[in-house]
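S.K.: would you be able to build a 3D model of this:
(2 chains)
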Amino acid sequence: MAADDAITVTLIDDHPVVLAGVKHWYSAAGPPIEVVASGATVETAWTPPGDAAAVVVLDLQLNGRPPVYGDLRRLVDADRQVVVYTMRDDEKTALTCMDIGAFTFLTKAEGEEHLVAATVAAAHDLPYTPPALAGAFGADTADDRPKLSLREEEVLIEWFQCESKELVAQKLGLTPRTVNSYLDRVRIKYANVGREARTKANLVARAIQDGLIDVDDL
Amino acid sequence: MTETAERRRDGSAVRIEDRLLRGTHAAVLAVTVAVQFGLCLPTLIEHSRRYDPLWLEIAGFVLLAGVAAGAAVCLARHGRIPPPARRVGASLVLLAAGAAAVAAPPGNYLDRAHWYFGLVGWYGVLLLFDRPPTRLALFLGANLVVALAKAVLSGPPDPLEWAAMAVSVVSVYGFQLALSLVIQEVRRVAARARETAEEEERLRTAEAVAEHLHRDHRQRYVALLGTTVPLLAGLGYGSLDPSDPDVRRRCAREAARMRRLFAESDDVSDRLVHELRAVIEVAERSGITVQFAARGAPRDLPKDVRRELIDPVAAVLAAAASSARVTVVRTPDRVRVSVLGDGPAPPRPEFASRHVDINRVVAENRLWVEAVWRQTTPSR
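M.R.: Take a look at the predicted model:
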């Protein structure tokens, strides 16, 4: 069984190598993360022990079929915290997942560092915007996109380009902490315009509580 | 074939054929009208007392004149007589011939009062202009039946008269049939003229394309002249050492530029990304792991802008030690191409930047260069 303080994860991916690799990353993570269930189909997240995990890591394309947006929606509606982890690297997919109410969107190219950090953030209801998702936010031209400041847009794109908050900070003359807070604010703004979901409620509530964003900003 | 070339073909080749046929058709119309009003009308007036009833004879004449007017309108509007108008016209002409024959004095068409006999043939040539001569022969035959009926009904002619009538038919209708054959020949010549013009047009287009390609090749050669050629010459004459890391970097960069120049002539929907991938491919072949990601909708950029956006990527990739990240972000008012490479920063490579802004950040043994193109008239 999971240790009391361990973060529990259900892992869904149709490639055994990916499952094995991700399990290995989690086992070596700083705060302990335990994979309580893993499998190639979404049923894994609905049946014990996978139904009780704090975080679901979901591959969007299972067994060569089209993206499982329907399954993602059902998980979100059941108040599950879903980290989308996919081969697809385009803004349309990323923004669709955000619309549905996924906690965050990660491409497989982004690897270990982001997956572990995103999982920890998901377990604590803290916003997490990896570079692929930041790029999608930055290039979003939809009419209903939340209103972002020029600085926020700039930070999103720089973060997408270099994947290093230190470099973004150096280029824009900010501290890495400020870079983080810009990224978090954008994520909260997106959560705020998204569907009613646990992610939205918790992220926004937590952000206001922490003073990251004002109610007026939303 | 492109739309422009198609239009141009319409403009020359087809027009040649069109003008030739329209001109011939108008000439036939002019002859018909001249025969009717210059020869037939005076005869009609001269023998007006002999017709019974006169109004029927005049009605036949007017009906024929009406067909000529209709044909003139069709030729002016469409350049030809459309098939339905042609059928109606031919029927009206035969009707007019019948009316004129009924009202004409007894006898046969050797009598000059039978003015309609030859004129109807001209109407046949006019109306059946676009049809093979056999149709005209049928039409003339029908007219001959009407004329013969008239002749036989008003008292069978004697053998001498029959012979004279036969000579007359051969000379009048024979001439008109011969004319129809000539028109067919004109049509063949016109078609050949069009084919020749089309062929010439095709050759001209092919030449223009070849010239364009040649100019393109020359421009690309010029683009390589300043950097690639000295490098190759240096390697060839031994003045540059292939084991020198700097020379290797230059080689990698030139290889990437050449690959990009080749990619420029490919026909793809997203040119910028296509050309970037070409450059990335070269880096990957030399062992660099390149992560590539693009955001935003593809858009058309001029070739010079694309070159300036991609050149820094080629330079940084050529200098990278093991890995790099290349990104493209397209927003409504900007296109940003960024490259982040590891390894020692090269001694500030110079980039041509007439159209783009270059930003450079050096940190932690990494070089980050971003090229930004701004839309001069922002679309939002």
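S.K.: number of residues surrounding B:L64?
M.R.: 26 (other CB atoms under 10 Å in any protein chain shown). All C-beta atoms are positioned from the backbone trio N, CA, C, and that covers glycine.
S.K.: and B:I280, by the same measure?
M.R.: For B:I280, the count of nearby residues is 24 (other CB under 10 Å).
S.K.: with A:A52 instead?
M.R.: For A:A52, using other CB under 10 Å, the count is 12.
S.K.: show the contacting residues for it.
M.R.: A:T8, A:V36 (CB atoms under 8 Å, 6 or more residues apart in numbering or on different chains).
S.K.: and it, how far from chain B?
M.R.: Applying CB to the nearest CB, to the nearest Å, the value for A:A52 to chain B is 35 Å.
S.K.: what do you get for A:P176?
M.R.: The value you get for A:P176 to chain B, if CB to the nearest CB is used, is 12 Å.
S.K.: doesn't A:K165 make contact with that residue?
M.R.: Yes: counting by CB atoms under 8 Å, A:P176 does reach A:K165; the two are 4.4 Å apart.
S.K.: which one's more surrounded, these two?
M.R.: Using other CB under 10 Å as the criterion, A:P176 and A:K165 rank with A:K165 on top: 19 against 14.
S.K.: list the contacts of that one.
M.R.: With contacts defined as CB under 8 Å, 6+ apart, A:K165 is in contact with A:W159, A:P176, A:V179, A:N180.
S.K.: can you pull the pLDDT of the third one?
M.R.: Spelled out, that is A:V179. If you check A:V179, the pLDDT there is 92.
S.K.: buried sites along the helix or strand hosting it?
M.R.: Following DSSP states H and E, one finds A:V179 within helix A:176-193. If you call a residue buried by 16 or more other CB atoms under 10 Å in any protein chain shown, then helix A:176-193 has these buried ones: A:178-191.
S.K.: tell me the first helix or strand C-terminal of that helix.
M.R.: Downstream of helix A:176-193 (by DSSP H and E), the next one is helix A:198-209.
S.K.: quick one: average confidence on that next one?
M.R.: Mean predicted confidence for helix A:198-209 is 74.
S.K.: same for that helix, what does it pack against?
M.R.: Packed against helix A:198-209 by the contact rule (3 or more CB pairs under 8 Å, 6 or more residues apart in numbering or on different chains; DSSP states H and E) you find helix A:176-193.
S.K.: can you find the helix or strand of chain A with the lowest average pLDDT?
M.R.: Using mean pLDDT, DSSP states H and E, helix A:198-209 stands out as the lowest-scoring helix or strand of chain A, at a mean of 74.
S.K.: can you list contacts of that helix?
M.R.: Residues outside helix A:198-209 that contact it (CB under 8 Å, 6+ apart): A:76, A:79-81, A:101-103, A:125-127, A:184-185, A:187-188, A:191-192, A:194, A:213-215, A:218.
S.K.: surely B:V362 is in a helix?
M.R.: No: applying DSSP: H, G, I helix; E, B strand; the rest coil, one finds B:V362 to be strand, outside a helix.
S.K.: ok, B:E17 to B:T196 distance?
M.R.: If you measure B:E17 against B:T196 using CB to CB, to the nearest Å, the figure is 10 Å.
S.K.: how about the residues of chain A by chain B?
M.R.: Within chain A, the positions near chain B by CB under 8 Å from any CB of the partner chain are A:89-91, A:107, A:109, A:131-132, A:135-136, A:138-139, A:141, A:153, A:157, A:160-164, A:166-167, A:170-171.
S.K.: okay then, goodbye and thanks.
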